[in-house]
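K.L.:
model this:
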Amino acid sequence: MNTGSDRGANEPAADESAAQAAAEITAGAAAEPTAGPAAEPTAEAAEETPHVSKAPAFIKARRSLHLSWQVGVFVVGLAVIGAGVAMLVLPGPGWVAIFAGLAIWATEFAWAHLVLRWTKRKVTEAAQKALDPKVRRRNIILTSVGLVIAGALIGFYLWKYGLVLPWRIKDQ
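P.N.:
Just a heads-up that it's a prediction; the model follows:
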């Protein structure tokens, strides 16, 4: 059973065929000059490398050890992600822990590597969108309106009841 994380360690023939396919893509790109958007997929295909396990060589040499390593990585990543989910409601850097757990998984599993790459791309896009002056202006206006409404509600409460805590208010 190939999980996709041990490519390159146990399949030397696959490496040779992958290298040959990459050489053909490169040769095809050099033979046909392209410009514009059509050139981008070729650059991405050449840039992507197959996911290879980060386990030490002596662990990759034995299938049982490598499977144990993968189970250990999965359990550690799951524990970090679980702690991150708990920190979403408790004090602590929840999202940082979730992304750290995903990064731990990405060292061993190809699917986690793809998810982590997609997440990084989306976070970068969101950061660029947040820096847009129109979006910043809108966020500042919405925050200001929210603060004014909250201030009005607090002012009304203080005017009506004074500095009495809500659970000590008697029917008036």
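K.L.:
Contacts made by stretch 129-138 with the rest, please.
P.N.:
Stretch 129-138 is contacted from outside by residue 139, using Cβ atoms under 8 Å, 6 or more residues apart in numbering. All C-beta spots, glycine's among them, are computed from the backbone N, C-alpha and C.
K.L.:
can you give me the mean pLDDT across that stretch?
P.N.:
Computed over stretch 129-138, the mean pLDDT rounds to 85.
K.L.:
start to end distance for it?
P.N.:
One end of stretch 129-138 to the other measures 12 Å (Cα to Cα, to the nearest Å).
K.L.:
same question, stretch 85-100
P.N.:
Stretch 85-100 has an end-to-end distance of 12 Å (criterion: Cα to Cα).
K.L.:
If we go by neighbour counts, what in that stretch is buried?
P.N.:
Buried residues in stretch 85-100, counted by 16 or more other Cβ atoms under 10 Å: 87, 94, 97, 98, 99, 100.
K.L.:
Can you name the residues in contact with it?
P.N.:
Outside stretch 85-100, the residues that touch it by Cβ under 8 Å, 6+ apart are 80, 81, 83, 84, 116, 119.
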